[in-house]
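**Student:** Provided below for reference: sequence and predicted model.
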Amino acid sequence: MRITSRSHRRAFTLVEIVLVVVILFIITAISIPVISSMLTDARSTAAGDMLRGRLAEARARAMEEGRPWRLAFIPGTGVVQIAPEESQEWDHVAQGDIEKVDLVRSQLPADIVLGCTMEEIVSNPGAATPGNSWETIAIYLPAGDARADQTAYFGKTGFYPRRVVLRGVTGVPTIEDINPRALP
């Protein structure tokens with residue numbers, strides 16, 4: 001009977017360890033931008049859903065109470081507010097989240113800001129400068145329609161934003177992606 005001796009390997013070589021570390025570094029370097037982009041897209045989608053929900057809430061309150069309700073935002077921030085059009089809350093700018101009978105103020109997801117024009121968001125790669133007044137997206141009337149057509153933009157600063165477009169006659173908002181290839 002023949003006895004064979006096997007040599008057991010007890011450790012990895014330095015080359016093998018360095019190779020594994022390099023592969024992990026490459027995978028990490030590729031995945032971080034992808035994950036960051038996915039998070040920005042998810043926040044932008046959540047902001048669109050939140051805006052659509054706040055617009056629906058303002059419209060419903062106007063119809064239920066028989067008086068105009070307004071939805072507005074502070075440019076350069078993610079702060080949105082709904083309240084009756086004649087409310088004293090429109091006289092001063094405040095940023096804290098609050099929910100009362102005649103007032104709802106909330107914040108869009110992190111890093112998402114609102115602006116009146118696309119340039120306010122695209123051309124500002126750093127932190128946006130907060131505005132000092134409320135900018136109206138909609139004033140809903142008791143019939144469920146809005147006083148005027150409006151457009152506002154939202155997204156992460158330095159990137160192409162999305163926009164919320166409100167049709168005054170129907171009071172229906174739509175959230176649209178902006179295709180950078182279609183821009184002049």
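**Tutor:** Done, it's in.

**Student:** Low-confidence regions, the chain specifically.
**Tutor:** When residues are selected by pLDDT under 70, those of the chain lie in 1-7, 124-129, 179-184.

**Student:** List the contacts of residue 176.
**Tutor:** Contacts for residue 176 were tallied using CB atoms under 8 Å, 6 or more residues apart in numbering; they are 162-165. The C-beta positions use only the backbone N, C-alpha and C, and glycine is treated the same way.

**Student:** repeat that for 7 Å
**Tutor:** 162-163, 165 (CB atoms under 7 Å, 6 or more residues apart in numbering).

**Student:** Scan these and report the most crowded one.
**Tutor:** Highest neighbour count within these: residue 162, with 22 neighbours (other CB atoms under 10 Å).

**Student:** List the contacts of residue 54.
**Tutor:** Contacts of residue 54 by CB under 7 Å, 6+ apart are 71, 80, 82.

**Student:** part of a strand, is the second one?
**Tutor:** So that's residue 80. Yes: applying DSSP: H, G, I helix; E, B strand; the rest coil, one finds residue 80 inside a strand.

**Student:** Which helix runs longest in this structure?
**Tutor:** helix 14-65 (DSSP state H).
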